[in-house]
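# What shape does this take:
(2 chains)
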Amino acid sequence: MSQSQPLVCWFQECNKDSVPLVGGKNSSLGELINAGIRVPPGFAITTHAYRRFLADGGVEDKIVEAMAGLDHQDTAALDRASAEIREIIESCPFSTELEDQIADYYRKLSKVCGLPATPVAVRSSATAEDLPGASFAGQQETFLWIRGADQVLEHVRLCFSSLFTSRAIAYRIEMGFDYSEVAISVGIQKMANSFTAGVMFTLNPANGDRSMIVIDSNFGFGESVVSGEVTPDNFRVDKVSLDILEKTISQKQIYYTLAPAEHCAKKFELPEERQGLQSLIDEDVIELAKMGKVIEQHYGCPQDIEWAVDKDMPKSGSVFILQSRPETVWSCKKPDTPSEPGKKKTAMDHILASIMTGKKLT
Amino acid sequence: MGNSKLQFPDPHGVETIAGTEGWERMYPYQYQFVTDDPEREAYEKGMFWFYDGLHYPEPSYPFDIIWDEAWFLALSQFNTRIFSVPPVYGVDHRIINGYIYISPVPVTDPAEIEERVGHFMERAGYYYQNWNELEAKWVKKLEDVISQLENLEIPTLPDMEDKSVVMEGVGKSKGYELLRAYDKLIDLGLLCWQYHFEFLNLGYAAYVTFLDFCQKAFPDIPLQRVTQMVSGIDVIMYRPDEELKKLARAAVDLGIDNVVNNGKGWEEVKAELTGSSAGDEWLAAFEKARYPWFWTSTGTGWYHHDLSWNDDLDIPLASIRIYIDKIKAGASIDRPMDEVIKERDRITSEYQALLQTDEDKGAFEQLLGTARTVFPYVENHLFYVEHWFHSIFWNKMREVAAILAEQGFIEEVEDVWYLKRAEIKDALWDLVTAWATGVKPRGPKVWPPEIAWRKDVMQKFREWTPPAAVGTAPEVIQEPFTVVLWGVTNESLNAWAEVDAAGDPDSITELTGFAGSPGAVEGKARVCRTVAEIGELQEGEILVAPTTSPSWAPAFQKIQAAVTDVGGVMCHAAIVCREYGMPAVVGTGHATSVIKTGMHIKVDGTTGKIIIER
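Numbering: from 1, shown residues only, chains lettered A, B, ... in the order given. You can find the predicted model right below:
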C-alpha cells in the first residue's frame, strides 16, 4: 500500500473506481453526489486506514496468532478466537494521526450540518460485495444515531471488529481466503433527521409507464412507508415536464420519529391535526422527481429510491436521497410495446389499427 | 371511471317545451326523432346521440342549419362512400328543441368491414402518400370557390329591365338571375363544405393514431404532451394576428400610434389619419391586410351573427391598440416560437428515448411525422372555410335578405335567418313571379307572423338546457372525427353531468375540463362572452370565455390563463396557451355560467381542474 493513499476521504471524493479503497456503499454514495444528487453528507474511513490500524497497533500479529490452526467447523474454537480478536481490536487505540483525522472530519461534518456533535450512521462498506455470500463475510454492520467523536471512533472499531465474527472467520477459512485479503471501509454519514420521508419510483409501478415518477411520502422516517404500516401520500409526476399530475393526500395515523431517550426511531401516533396534511410540499416533490430523473439517467434504468427531507438542513437543500437501486418488477417484464417486435409496420397499418380499435366510451 | 354503463335519456321521451309545439317545421324533417315509424324509432333508440355543444353552443337558426346539413353530407360521404373507413359509415344528425345531436354509425358486419379495409388502404393510403400535393390542389380549389363567391352578384329587381337586355339579346330577366344567384350562393356553400371534409377525417385519423401510440407506450401521458410534440408548426391561423402586430409596429414606427390609439371609433381614426403621408401609408397597409386576413370571424363562423373583423373594424382596431400599448411599455409581442420549438424538440426526444425497442422508436418517429404532415390542414381549413368563406357568405345572404325586406317578406334583414333555405327559395319565387306579373306577392302576410313565432320559440330553446346525450351508449367510438374533436370522453360527460346535477350554479366550487395547456395559476376571473368584451381584460386576469378563435388573440397578451366552455385539447385556446406557455382548461361545459367576473379562481391546466373561491 502506498503511503499517498488517504486514511479518510469525503464521499464526494469517491467514485466507482474507488471500491477497493472505500467499499461499494461509500463509492456509490460518491457516484450519486458526483451525478449532482444530494445525499446526506459524510466521509469514509478507507481500507488503507483499516490496514494501517492493524499494522500500527501490532494487532495483526495477535490476529495471526489467534487464528493459527483454526478449523472452520470447530464452533467453540471459532467463538473463542473471534472473542479474543474482537477484544483486541476494540481495545486498541487508533494512532494519533488516524484519530485526529477522523475527529477532524467529524467536526467538519458537524459544521457542514450546522449541528454540533451531529448524529451519524456508522456503517461498514464492503470491498467484496460481489463475493457470493458476502453477508457472511461480516461486512454489514450499521450503527445509527451515533454522536460525538469518541462514540464515532468506538463504532469504527466495532465495524472493524465485525470482520471477525465467528461466522465471518469460518466463512473465510472455508472459502480459502486469507484474512488479509478482505479489508473493510467505514462510512460516517449524517443521520437524516427526517421531517418527511418515503420512496420514489422512476416509473409508474401501477402500469409500468416510464414517462412517470411516483412518490410515496409520510411524516417522519421512511419506515412507515417502506413497511406499509400507513397509506402514504401519493404523487404522480410527469417525468418529461416535471408537472405534478396527481396527488392523493391520505389520513396518516402513525409515523416514525426520534425517541429522545433511546436515540432511535420509534413509532408514534401522528397528531390528529397533522394526519390529513400534505406531508411533502409540491416544491420538494418536483425537486425529488428531478433527482430521480438524474439518477435514472446515471444508471440507465428505472430506479427504486429511498429519500428523506431533513429538518436539520436549510430548507433550500433539505431533500436527500438515501438509497437507490434498480427497479425490478417492470424492468424484468418483457416490455408491452405498441409495435410488435421484429415487425415493421407502415404508418397506414398503424392508422388502420387505431381506427379499428376506436375509443372506449365506458 | 368505473364500469357502470353510461345512462342517457330516451331520445323519444324528451318533452316539448310549452309554447313551442310545432317547432319541428323550422328544421328539415329528417332531423326529427320519430315514433310513427317503428323501424326508425328502434334505430334511434339504439344509437348514441350526443349534443354537439362545440359547434352549436346555442340552438340552431333555421337558415344556419345549412352548415349542419353540409357537413352531415360531406363527412358522411367521405367515410362511407369515398375513403371507405372500415368500421364506420357516416355521422347521423337529429335536433332536439333546436339543439343538434349527432351519432356515428358503426358498420356491424365483419365481412363488410374486412372488404372496406382493402378499399381504405388503397384510397386513404393514396391521400396520405400524396398529402402535400393534394393539399396544394385543395388550396387552389378553395381560392376558386371563394373567388366565385366574392364575384357573385345578387341582382336587385328593377321596375324596368335595362335597355341592354334588348339590345344585346340577353333573353332573360333579373328575376330569373336573382333565383339563380341564390341557388349559386347555396351551391357554393355546399361545395365549400365538400372540400372541407376532403382531408379532415384523414387528418384526424393520423393524429389519433399518434395519440394512441403515445398512450399505449405511456399509459399516463397527458394529451397536451402529445399535442405539444405536434406544435410549433407555422399555420395560417396565426396570420391575421400577425397582421395586427405588424400594423401596431408600423403605427409606432410611423409615429402615428397616438392617433391610432386615441380611443375613438374606426371612422374617426381613419378620418384623422387621412391626408398625412404617414397616415396614408398606414391606412394603405391596413387596407392591404384586410383581404383576406380580416375575414377572420369573431366567433366560430358557424352562426350568422359571428361578425368578421371586416364587418366591424373597431374589433381589429381594439386589438392593434392592445399591441401598441405593449410595444410602448417595452414588452415583446412576438410569439415565442423559438422557445416553443425548443421545448417541443426536448420533450419529443425525451419520450423517444424512453421507448424500449427500436421498433417503437421507429414507429414513433413515423407517426409523429405523419401527425405533423396533417397538422397544418387540420388548422388551416378553418380559416379558409369557417372564417373567410363564411364571413363573405353571410354578407351575400344579407343582400338577398335586403330584397326580401324591401318587399315586406321580412321586417328586417336579420329576420332572414329564421327561414329555412328552401323557404327562402319559395319566398323568392313568390317575390319574383309577383314582380314579373305585376301583382302583390303573398309572402308579406305569411312570413312576418311565422318569424315572430319562431323568434319566441328560439328564445324558449335558449332558456332550456339540452341533455349531454340521449339514446344508448356504445362501448367504443371508432369514427375519427367524433373521437378527436368532441372529446366525448367519459370524463367530460360525467363532469358536465355533475354540474347539471348540482343545479344551483352558485353552489359549485369546482369545475373540470380538459387539461389544455400545462401549469397552474390563480387570480381574478374575467368573463368575456364575446370578443367585443376583451377590451375589458386587465393585465394578469384569467379569461373565461365560451370559446375563442383567432380574433381573440390579443386577449392572450394580457391574461395569465384561459378557461373555455367548449373545445378539446386541439381547440384554439389550448393551442394558443401552449404557444404562450400559460395554463388553459378547456371544454368545461359551464365555466361562463358558473364563474363570474371578479371571482378568485385557481386554474390547473395540468389536471384540468378549476377551483372557484367566491
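
# in which helix or strand would I find residue B:566?
For residue B:566, there is no enclosing helix or strand under DSSP states H and E.

# what's near enough to touch it?
Contacts for residue B:566 (C-beta atoms under 8 Å, 6 or more residues apart in numbering or on different chains) come out as B:53, B:54, B:57, B:546, B:547, B:586, B:587, B:589. The C-beta positions use only the backbone N, C-alpha and C, and glycine is treated the same way.

# Do I have it right that the third one meets residue B:546?
Yes: the pair residue B:57 and residue B:546 qualifies as a contact (C-beta atoms under 8 Å) at a distance of 5.6 Å.

# hang on, isn't residue A:183 packed against residue A:49?
No: taking C-beta under 8 Å as the definition, residue A:183 is not a contact partner of residue A:49, at 9.7 Å.

# circling back to that earlier point, can I get the contacts of residue B:566 in a markdown table with secondary structure?
Below are the contacts of residue B:566 laid out as a markdown table (DSSP: H, G, I helix; E, B strand; the rest coil):
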| residue | secondary structure |
| --- | --- |
| B:53 | coil |
| B:54 | coil |
| B:57 | coil |
| B:546 | coil |
| B:547 | coil |
| B:586 | strand |
| B:587 | coil |
| B:589 | coil |
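
# Identify the farthest-apart pair in the residues you listed.
Using C-beta to C-beta, the pair of the contacts of residue B:566 lying farthest apart is B:57 and B:586, separated by 13.2 Å.

# more crowded one of the two?
Higher neighbour count among residue B:57 and residue B:586: residue B:586, with 32 against 17, using other C-beta atoms under 10 Å in any protein chain shown.

# Read off the pLDDT value for the more buried one.
Note for residue B:586: predicted pLDDT of 87.

# got the contact list for it?
B:513-514, B:516, B:562-564, B:566-569, B:571, B:573-574.

# And residue A:354, by the same measure?
B:205, B:208, B:209, B:212, B:213.

# Considering only the residues you listed, which also neighbour chain A?
B:205, B:208, B:209, B:212, B:213 (C-beta under 8 Å from any C-beta of the partner chain).

# least confident pick among the residues you listed?
For the ones next to chain A among the contacts of residue A:354, the pLDDT minimum is residue B:208, 83.

# correct me, but that residue touches residue B:481?
No: contact criterion C-beta under 8 Å: residue B:208 and residue B:481 do not qualify, at 9.7 Å.

# Looking at these two, which is more packed in?
A count of neighbours by other C-beta under 10 Å puts residue B:481 above the other of residue B:208 and residue B:481, at 25 against 21.

# Is that one within a helix or a strand, and which one?
helix B:480-485.

# Not counting residues beside it along the chain, what's closest to the residue of chain B found nearest chain A?
Using C-beta to the nearest C-beta, residue B:478 is the residue of chain B that sits closest to chain A, at 3.3 Å. Distance criterion C-beta to C-beta, 6 or more residues apart in numbering or on different chains; nearest residue to residue B:478, sequence neighbours excluded, is residue A:358 at 3.3 Å.

# who's in contact with residue 34?
Unless you meant another one, I'm taking chain A. Taking C-beta under 8 Å, 6+ apart as the test, what residue A:34 contacts is A:12, A:15.

# I was after chain B.
Applying C-beta under 8 Å, 6+ apart, the residues contacting residue B:34 are B:40, B:41, B:44.

# rerun that using 10 Å as the cut-off
By C-beta atoms under 10 Å, 6 or more residues apart in numbering or on different chains, residue B:34 lies in contact with B:11, B:12, B:24, B:40, B:41, B:44, B:94.

# Next: residue A:282.
Counting by C-beta under 10 Å, 6+ apart, residue A:282 has contacts A:235, A:237, A:244, A:247, B:520.

# tell me the pLDDT at it?
Reading off the model, residue A:282 has pLDDT 94.

# related to what we said a few turns ago, quick one: the contacts of residue A:354 as CSV, columns for secondary structure too.
As requested, the contacts of residue A:354 are exported to CSV (three-state DSSP):
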residue, secondary structure
B:205, helix
B:208, helix
B:209, helix
B:212, helix
B:213, helix
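
# helix or strand right after the helix or strand encompassing residue B:345?
Mapping residue B:345 onto the secondary structure by DSSP H and E places it in helix B:337-354. Using DSSP H and E, the helix or strand that follows helix B:337-354 in sequence is helix B:358-382.

# packing partners for that next one?
On a contact count with 3 or more C-beta pairs under 10 Å, 6 or more residues apart in numbering or on different chains; DSSP states H and E, helix B:358-382 meets helix A:347-357, helix B:110-129, helix B:131-151, helix B:174-217, helix B:223-229, helix B:337-354, helix B:572-580.

# buried residues in that helix?
B:359-361, B:363-364, B:366-368, B:370-382 (16 or more other C-beta atoms under 10 Å in any protein chain shown).

# again with stretch B:269-288
B:269, B:270, B:273, B:279, B:282, B:283, B:285, B:286.

# Run through the strands of chain B in chain order.
B:48-51, B:88-96, B:99-106, B:469-471, B:476-477, B:510-512, B:514-517, B:520-527, B:542-545, B:561-564, B:584-586, B:600-604, B:609-613 (DSSP state E).

# Turn those strands into JSON lines, columns for distance to residue A:68.
Below are those laid out as JSON lines (distance: least, C-beta to C-beta, whole Å):
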{"stretch": "strand B:48-51", "distance to residue A:68": "88"}
{"stretch": "strand B:88-96", "distance to residue A:68": "88"}
{"stretch": "strand B:99-106", "distance to residue A:68": "88"}
{"stretch": "strand B:469-471", "distance to residue A:68": "89"}
{"stretch": "strand B:476-477", "distance to residue A:68": "80"}
{"stretch": "strand B:510-512", "distance to residue A:68": "78"}
{"stretch": "strand B:514-517", "distance to residue A:68": "74"}
{"stretch": "strand B:520-527", "distance to residue A:68": "72"}
{"stretch": "strand B:542-545", "distance to residue A:68": "83"}
{"stretch": "strand B:561-564", "distance to residue A:68": "80"}
{"stretch": "strand B:584-586", "distance to residue A:68": "79"}
{"stretch": "strand B:600-604", "distance to residue A:68": "73"}
{"stretch": "strand B:609-613", "distance to residue A:68": "75"}
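
# where does the stretch 151-300 of chain B have low pLDDT?
Counting by pLDDT under 70, the stretch 151-300 of chain B contains no low-confidence segment.

# how deep is residue B:251 tucked in, by neighbour count?
26.

# so it sits right up against residue B:259, yeah?
Yes: using C-beta atoms under 10 Å, residue B:251 is in contact with residue B:259, at 8.0 Å.

# Comparing residue A:183 and residue A:49, which residue is more hemmed in?
Per other C-beta under 10 Å, whichever of residue A:183 and residue A:49 has more neighbours is residue A:49, with 28 against 23.

# Going by contacts, tell me the helices and strands next to the helix or strand where that one lies.
Here residue A:49, judged by DSSP H and E, is contained in helix A:47-56. On a contact count with 3+ C-beta pairs under 10 Å, 6+ apart, helix A:47-56 meets strand A:8-10, helix A:19-34, helix A:59-67, helix A:96-113, helix A:149-161, strand A:184-190.

# Can you tell me which of those is most buried?
Neighbour counts (mean count of other C-beta atoms under 10 Å in any protein chain shown) averaged over each of these peak at strand A:184-190, with a mean of 26.

# which is the next helix or strand following that one?
Past strand A:184-190, the next helix or strand by DSSP H and E is strand A:194-201.

# Name the residue of the stretch 51-200 of chain A that lies nearest to chain B.
For the stretch 51-200 of chain A, C-beta to the nearest C-beta, closest residue to chain B: residue A:200, 15.7 Å.

# circling back: if you count neighbours, what's buried in the helix holding residue B:345?
B:340, B:343, B:344, B:347, B:348, B:351, B:352, B:354.

# Packing partners of it?
The contact analysis (3+ C-beta pairs under 10 Å, 6+ apart) places helix B:337-354 against helix A:282-299, helix B:174-217, helix B:223-229, helix B:358-382, helix B:572-580.

# All set now, cheers.
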